[in-house]
Each structure stands twice: as structure tokens, then as C-alpha cells.
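Asks: The sequence and its predicted three-dimensional model are supplied below.
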Amino acid sequence: MLVYPQLASGALTQFPAQKRRNPRTVVNALADGRSIKLADPPGELTEWQLQYAGLSDQEASALEHFFESTEGSLGVFTFLDPTANLFAWSDHLDHAGWTKGPLLTVAGNVADPAGGASGWHLANTGAAAQSLSQTLEAPGGYVYCLSVYARSAVAGLTVTLQRDSARADRVLGTMWTRITFSGAGDTLSETIDFGIEVPAGGSLDVYGIQVEPQAAPSVYKPSTTGGVYANAWFRDDFLIMTATDVNQHSATVNIHANRF
């Protein structure tokens with residue numbers, strides 16, 4: 001899997017970063033002057049402009065070598081959107097995109113900490129731990145941050161955040177708290193699984209489950225399609241890397257991607 005590289009910090013880009021969505025509409029002009037318009041999802045294009053400053057020699061070299069490996073705009077690669085939630089259906093935990101333990105019940109319309117009703121109630125009716133997870137077609141060796149807002153009716157409930165086989169226990173209170181789990185996984189894996197595990201007989205409310213390709217969480221971003229783009233390419237056939245000081249480099253990178 002050819003994947004756009006992270007920086008040494010675990011981030012994919014620096015601020016400012018720009019993202020633009022360009023949907024496409026197909027228009028069929030009829031003989032009587034009327035027209036029929038239909039959305040054309042395969043024609044939708046997403047663009048990013050990533051600006052870098054203060055890159056180390058190693059970071060600049062990694063970016064240049066990656067650009068060379070794609071032969072500029074010729075080759076395609078996987079790009080993890082640094083502005084998005086990598087999960088799909090983050091506000092729809094009953095969607096088929098999620099893998100749910102057989103004895104875990106999921107119910108929606110729970111009041112959430114943002115003042116809406118996008119929270120979910122998870123209840124484990126079994127005698128063993130049950131999980132809710134999603135597998136991403138993304139590199140296991142990246143640095144990721146898994147985060148979710150959670151609360152329990154009974155203080156002291158311990159839930160587990162999971163990244164493949166890595167696990168982190170978190171103790172909940174009765175108030176909404178954002179719990180997180182950061183780190184990298186298997187560098188040889190081309191998929192990675194994230195989830196939350198509920199102990200036997202336990203129940204809790206959750207909201208805003210999110211995975212990002214960075215070391216710390218940002219503001220929650222609801223998602224339906226997710227932020228993993230398997231069909232991305234460089235817009236340009238050149239990459240200008242400017243040395244601004246000793247071990248300091250700057251560059252601007254333009255990336256295009258679509259879902260099909």
C-alpha cells in the first residue's frame with residue numbers, strides 16, 4: 001500500500017490547510033427545452049492544499065521520495081484526510097459499517113454533550129465483554145488518535161478503547177468525558193481496527209466517536225463516508241522544496257482524490 005507520509009510529529013499537515021469539495025451534476029437537455037439534473041457521485045472531486053514550513057531534512061527527504069515514487073501526478077496512493085473523521089457513519093452506530101458484538105445492544109436518540117440527540121446507549125447483556133468496532137483500509141503503522149465522549153449511569157465503570165490488539169482501559173464518571181487512545185500499530189498491516197469494548201453487564205452512553213491520523217484529538221467531526229481516500233493523486237508533476245535555514249524546509253502540496 002502506497003500511503004501519503006506523516007510528519008515526525010505524527011501529523012499529516014500544518015496550518016493553514018485547505019480542503020475543497022467539488023460535486024458534479026449531470027444535465028440532460030431535452031428537445032422541448034426542459035432539462036433533467038442528476039447528481040454524479042463518481043465525478044465528485046476533493047482537493048487539498050497542504051502547506052509546510054520548518055520541515056526537517058528527514059521530513060523533506062521523505063516527502064520528496066514519496067513524490068518521486070508516484071512519478072508526480074501519474075501514480076495513485078492512499079490519503080488519510082487530516083481534516084476529517086476517518087470513521088464512516090460516526091453518528092449511526094447501528095449502521096452495517098460497524099461490527100457489533102452479538103450481545104451488545106445499541107440504541108440512539110440519546111441527549112449528547114453538544115446539545116443534540118446524537119448520542120447512543122450501549123448495553124452489554126452478556127457474561128463476557130462485547131465490542132463495537134470498525135476496520136479501516138489504512139496503514140497500521142501510522143500514528144492515530146481514537147476518541148469518544150462517554151458517560152455511565154454508575155461512576156467507576158471501566159471501558160476499553162481498542163486499536164487492533166492494543167488496548168487501553170478508561171474509567172468513566174456520570175458526566176460526559178472525552179476519553180482518548182493514541183499510538184501506532186503494526187507497520188506491516190494494511191488495515192487497522194478501532195473500537196470500544198463494554199464489560200459484561202455494563203452500559204454507557206457514547207457520542208462523537210472519532211479516529212484521526214494524528215497524536216491528539218481535534219473537535220468532533222460527524223462523518224458518513226469516512227476520511228480514507230484510496231484513490232488520491234498529486235495535482236502537479238513538480239514539487240518545489242525550499243530550504244529556508246539549516247535543517248528547515250518549506251513546500252506546498254496539492255492533492256486530488258475521489259471515491260471511485
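Replies: Structure received. Residues are numbered from 1 along each chain as shown.

Asks: Please make it C-alpha for all contacts and neighbour counts, starting now.
Replies: OK.

Asks: show me where the chain has helices.
Replies: Assigned by DSSP state H, the chain shows helices spanning 57-69.

Asks: Give me the most central residue, it.
Replies: What sits nearest the mean C-alpha location of the chain, by Cα atoms, centre = their mean, is Leu86, with 1.7 Å.

Asks: Could you check what's spatially nearest to that one, not counting adjacent residues?
Replies: Excluding the flanking residues, the one nearest Leu86 by Cα to Cα, 6 or more residues apart in numbering is Gly227, at 4.1 Å.

Asks: ok, back up a step: quick check, pLDDT for the residue nearest to the centre of the chain.
Replies: Here the pLDDT value assigned to Leu86 is 98.

Asks: Can you tell me how far it is from Leu7?
Replies: Distance, Leu86 to Leu7, using Cα to Cα, to the nearest Å: 18 Å.

Asks: Ok, Trp233 next?
Replies: 19 Å.

Asks: got it, and Ala96?
Replies: 33 Å.

Asks: Have a look at the two and say which one is more surrounded.
Replies: Leu7 (19 against 10; other Cα atoms under 10 Å).

Asks: residues contacting that one?
Replies: By Cα atoms under 8 Å, 6 or more residues apart in numbering, the residues touching Leu7 are Thr13, Glu59.

Asks: ok, what's across the strand from Val253?
Replies: Leu50 (DSSP bridges).

Asks: okay but it is in contact with Gln49, surely?
Replies: Yes: counting by Cα atoms under 8 Å, Val253 touches Gln49, with 5.8 Å between them.

Asks: Which of these two has more residues huddled nearby?
Replies: Legend: neighbour count by other Cα under 10 Å for Val253 and Gln49, higher for Val253 (20 against 17).

Asks: so what's the backbone phi/psi at the residue nearest to the centre of the chain?
Replies: Dihedral pair for Leu86: phi -70, psi -20, per degrees, to the nearest 10.

Asks: For Ala11, see how far away it is.
Replies: Applying Cα to Cα to Leu86 and Ala11 gives a distance of 14 Å.

Asks: now do Ala62
Replies: Ala62 is 14 Å from Ala11, by Cα to Cα.

Asks: Equivalent analysis for Glu71, please.
Replies: Separation of Glu71 from Ala11 (Cα to Cα) stands at 24 Å.

Asks: Over to Leu80?
Replies: Going from Leu80 to Ala11 by Cα to Cα gives 11 Å.

Asks: out of those two, which sits in the more crowded spot?
Replies: Neighbour tally, Leu80 and Ala11, criterion other Cα under 10 Å: the higher count belongs to Leu80, 25 against 18.

Asks: which residues sit in contact with the more buried one?
Replies: Leu80 is in contact with Tyr4, Leu86, Ala138, Pro213, Gly227, Val228, Tyr229, counting by Cα under 8 Å, 6+ apart.

Asks: Recalculate using a threshold of 10 Å.
Replies: Residues near Leu80 by Cα atoms under 10 Å, 6 or more residues apart in numbering: 3-6, 12, 86, 137-139, 212-213, 226-230, 232.

Asks: what does Val154 give?
Replies: By Cα under 10 Å, 6+ apart, the contact list for Val154 reads Leu172, Gly173, Thr174, Gly202, Ser203, Leu204.

Asks: out of the residues you listed, who's nearest Gln130?
Replies: Gly202 (9.5 Å; Cα to Cα).

Asks: picking up where we left off before, just the buried ones among the contacts of Val154, please.
Replies: Leu172, Gly173, Gly202, Ser203, Leu204 (16 or more other Cα atoms under 10 Å).

Asks: And those, which two are furthest apart?
Replies: Greatest spacing in these, by Cα to Cα: Gly173 and Gly202 (13.2 Å).

Asks: Could you pull out the residues contacting both of those two?
Replies: Going by Cα under 10 Å, 6+ apart, residues that sit against Gly173 and also against Gly202 are Ser152, Ala153, Val154, Leu157, Thr158.
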